[in-house]
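Colleague: Give me a model of this one.
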Amino acid sequence: MAKRTNHSPSFKARVALEALRGECTVSELAAEYEIYSTLVTRRKRQAAGGMVKVFAGGGRHDQDTLHAAEVKELHAKIGQLTVEEDFLEKAFGP
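Modeller: Residues are numbered from 1 along each chain as shown. Coordinates of the predicted model:
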């Protein structure tokens with residue numbers, strides 16, 4: 001049984017970019033990179049789908065904003081739990 005090859009993200013991006021350019025056929029790219037033609041097609045589809053997300057406003061800025069809001073909410077929860085713990089400790093002793 002043949003061992004599966006794990007390609008690096010940069011290799012996958014290079015294959016996808018060349019497939020999107022359309023200068024070579026899928027078969028030519030597959031032969032050039034020594035991979036199956038289905039992988040070339042898959043990388044091309046993944047790249048096109050990823051670009052839709054980037055241009056649809058799902059960029060890095062939105063993720064940073066969501067992350068910052070989540071961190072702020074968690075810090076508030078930690079503060080609330082600390083106050084409750086201190087109160088209960090004083091009420092019932094150590």
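Colleague: Please work out the average pLDDT along the longest helix seen in the chain.
Modeller: When the chain is scanned for its longest helix (criterion: DSSP state H), the result is helix 60-92. In this model, helix 60-92 has a mean pLDDT of 87.
Colleague: Quick check: buried residues in that helix?
Modeller: Of the residues in helix 60-92, none is buried by neighbour count under the rule 16 or more other C-beta atoms under 10 Å. In this view, the C-beta of every residue, glycine as well, is placed from N, C-alpha and C.
Colleague: Show me how far it is from its chain's centre.
Modeller: Its chain's C-alpha centre lies 26 Å from the corresponding centre of helix 60-92 when counted by C-alpha atoms, centre = their mean, to the nearest Å.
Colleague: What is the burial count for residue 24?
Modeller: Here the count is done by other C-beta atoms under 10 Å, and residue 24 has 14 residues near it.
Colleague: where's the residue nearest to it when sequence neighbours are not counted relative to residue 40, distance?
Modeller: Closest residue in space to residue 24, ignoring its immediate chain neighbours: residue 18 at 6.6 Å, by C-beta to C-beta, 6 or more residues apart in numbering. Applying C-beta to C-beta, to the nearest Å, one obtains 9 Å for the distance of residue 18 from residue 40.
Colleague: Neighbour count for these two, which is higher?
Modeller: Set side by side, residue 18 and residue 40 show unequal neighbour counts under other C-beta under 10 Å, the larger going to residue 40 at 24 against 18.
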